[in-house]
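A.B. asks: fold the stuff below for me.
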Amino acid sequence: MYHKLMLKIFVTRKIPEAGINKLKNAGYEVEVNPEDKVLAKDELISYLKNGKYDAVLALLTDKLDADVFEAAGAQCKIFANMAVGFDNVDIEASKKAGIMIANTPGVLTDTVAEHTFALMLAIAHRVAEADRFARAGKYHGWEPMMLLGTDLSYKTIGILGLGRIGSRVAYHAVKGFNAKAIYYDVNRNEEFEKEFLDSTGSPQAAFRTTPEEVLREADFVSIHVPLLPSTRHLINAERLKIMKPTAYLVNTSRGPVIDEKALAEALQNKIIKGAAIDVFENEPAIEPLLLKLDNIILTPHIASATEATRDKMAELAAENIISALSGKEPPNLVK
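C.D. replies: I've put the predicted structure just below:
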């Protein structure tokens, strides 16, 4: 076992104090990047070489590759990613370097699912558009045809990726909005489907064998897949054309899952009715045409951004480090 009083932790950016305090209370020396900004690769490498840290608490904006792991040195046991996804990490390179990688799943499920519905409701009811309309002084009294939107209740909600968050979105759709949920995933989940039978025994959640089937049927499509080579541009020009012209697309997973230029063109040409996205293909850059369109809502990667959830993420990242430096397997080790 490593003597924790000798150990140093580097945190790549300011995070909630809950995580920092957990590490300090465990007896570790904690150094936080003094500038609240994303470290460039050369800056991160410089910190790691000079600091000789035993663990690093990193964020999804940190690109962790072989060069970074080499700079961390043999004494570094773990990079704890304060995120569910770990597409920012070269896992094979970490294994070759003998460095553990951990993430923070589970604690943000409800929060991201809530934000997904906030986006769905906002785009369907034209909330952001109406806010801009009112602020611009265009509201001169109630009108029967002004800013007509779309109901969410009793519609078909399509889920691409039935993991923790996708499952929770489906639950809210069926239980809260009397909607029907259809989903595509690499594996069918029949136990999940059994939870959603109506009073007559009819299924309210059903598996579809391809993404195309979901896109063709759904009134709202919500994306919850990890970013993998197989999911990059999962939504492209061809698949957007499959969707109903009255349908909406929502993405709270990873930006590159959608071809942003294709989405912009589809929205501009009314191929689909609207979209709401929290993540972008080339963050922090956003496809310029999207910024000009009224039928899309854009939020700046804040789906997990509540005080309670970010505290939990920071604490879980800290727990992963504490376990690793105590000679135990981190509770959320990426294997």
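
A.B. asks: drop to CA atoms for contacts and neighbour counts, all remaining ones
C.D. replies: Fine.

A.B. asks: ok, E217 to A276 distance?
C.D. replies: Taking CA to CA, to the nearest Å as the measure, E217 falls 19 Å from A276.

A.B. asks: compare those two (neighbour count), which wins?
C.D. replies: A276 (24 against 17; other CA atoms under 10 Å).

A.B. asks: what about that one? Give its phi and psi, please.
C.D. replies: In terms of degrees, to the nearest 10, the main-chain angles of A276 are phi -150, psi 120.

A.B. asks: with L197 instead?
C.D. replies: Per degrees, to the nearest 10, the backbone of L197 is at phi -110, psi 140.

A.B. asks: what's around the nearest residue to it once chain neighbours are set aside, how many residues?
C.D. replies: What sits nearest to L197 in space, not counting adjacent residues and going by CA to CA, 6 or more residues apart in numbering, is P203, at 4.6 Å. If you count neighbours by other CA under 10 Å, P203 ends up with 16.

A.B. asks: now swap in K8 and tell me
C.D. replies: Neighbours of K8 under the rule other CA under 10 Å: 19.

A.B. asks: ditto for the one 4 residues further on
C.D. replies: Using other CA under 10 Å, T12 is surrounded by 23 other residues.

A.B. asks: repeat that for the one 10 residues further on.
C.D. replies: Counted with other CA under 10 Å, residues neighbouring K22 total 18.

A.B. asks: mind listing what it touches?
C.D. replies: 315, 318-319 (CA atoms under 8 Å, 6 or more residues apart in numbering).

A.B. asks: one more time with 10 Å, if that's ok
C.D. replies: Counting by CA atoms under 10 Å, 6 or more residues apart in numbering, K22 touches 28, 314-319, 322.

A.B. asks: kindly indicate which of those residues lies nearest H125.
C.D. replies: A314 (34.3 Å; CA to CA).

A.B. asks: helix, strand, or coil at the closest one?
C.D. replies: Following DSSP: H, G, I helix; E, B strand; the rest coil, A314 is assigned to helix.

A.B. asks: equivalent analysis for A80, please.
C.D. replies: A80 ends up strand, using three-state DSSP.

A.B. asks: cheers, nothing more for now.
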